[in-house]
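Chemist: Sequence first, then the predicted structure, then my questions.
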Amino acid sequence: MNNLQITKGPCAKSAMLIRRPVAEVFEAFIDPAITSKFWFTRGSGRLEPSKQVQWDWEMFNASARVNVKAVEQNKRIVVEWSGYDHPTMVEWTFTARPDNTTFVSVTNAGFVGDADTQVQQALDSTQGFTFVLSGLKAYLEHGIQLNLVADHFPDGVVTQQHS
């Protein structure tokens, strides 16, 4: 068996076309009253540069501290959050398209630990942000709350050992 080594830390990526105008899609991530319809259950405030907020997933009795690093209106949001044991960076980019739709891309980077741990965190994050973007799409395009995050863990979040 070969001993594989990582030369560059893994990062999570997910992207989706949302058939709504860029201002509406961007606002859905800035305003916790909207974000709570497709991701977390409660946020302590709007995302604004240099602001710290908290996102809660009440069904799991879990929360994340979020430090807002950058907000470029209708273009980009960058946060550092405590989604894992060590803070990681999350960047959303919003690309307005000529047909009044928006392409949203999410990148999560900065995972720490041994190679196996970093890869597993990146895979878990990719899956999580895919749920987030799918929930966003259903909510903004059709007014449907899919509850993807809660339904992914119907018995609560369980820490898994990966071998």
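Modeler: Now that the structure is in, tell me what you want to look at.
Chemist: Would you map the helices across this structure?
Modeler: Applying DSSP state H to the chain gives helices spanning 22-30, 32-35, 115-142, 148-152.
Chemist: what packs against the third one?
Modeler: With contacts taken as 3 or more C-beta pairs under 8 Å, 6 or more residues apart in numbering; DSSP states H and E, helix 115-142 sits against strand 12-18, helix 22-30, strand 102-109, helix 148-152. All C-beta atoms are positioned from the backbone trio N, CA, C, and that covers glycine.
Chemist: Name the residues that touch the shortest one?
Modeler: Read that as helix 148-152. Helix 148-152 has contacts (C-beta atoms under 8 Å, 6 or more residues apart in numbering) with 38, 39, 40, 57, 59, 128, 131, 132, 134, 135.
Chemist: Over to the longest one?
Modeler: Contacts with helix 22-30, where a contact means C-beta under 8 Å, 6+ apart, come from 18, 34-35, 38, 46-47, 71, 73-75, 77, 92, 94-96, 102, 104, 136, 139-140.
Chemist: now do 7 Å
Modeler: The contact list for helix 22-30 (C-beta atoms under 7 Å, 6 or more residues apart in numbering) reads 18, 34-35, 46-47, 74, 77, 92, 94, 96, 102, 104, 136, 140.
Chemist: relative to helix 115-142, how tilted is it?
Modeler: Angle, helix 22-30 to helix 115-142, by axes from the mean of the first three to the mean of the last three C-alpha atoms, to 10 degrees: 130 degrees.
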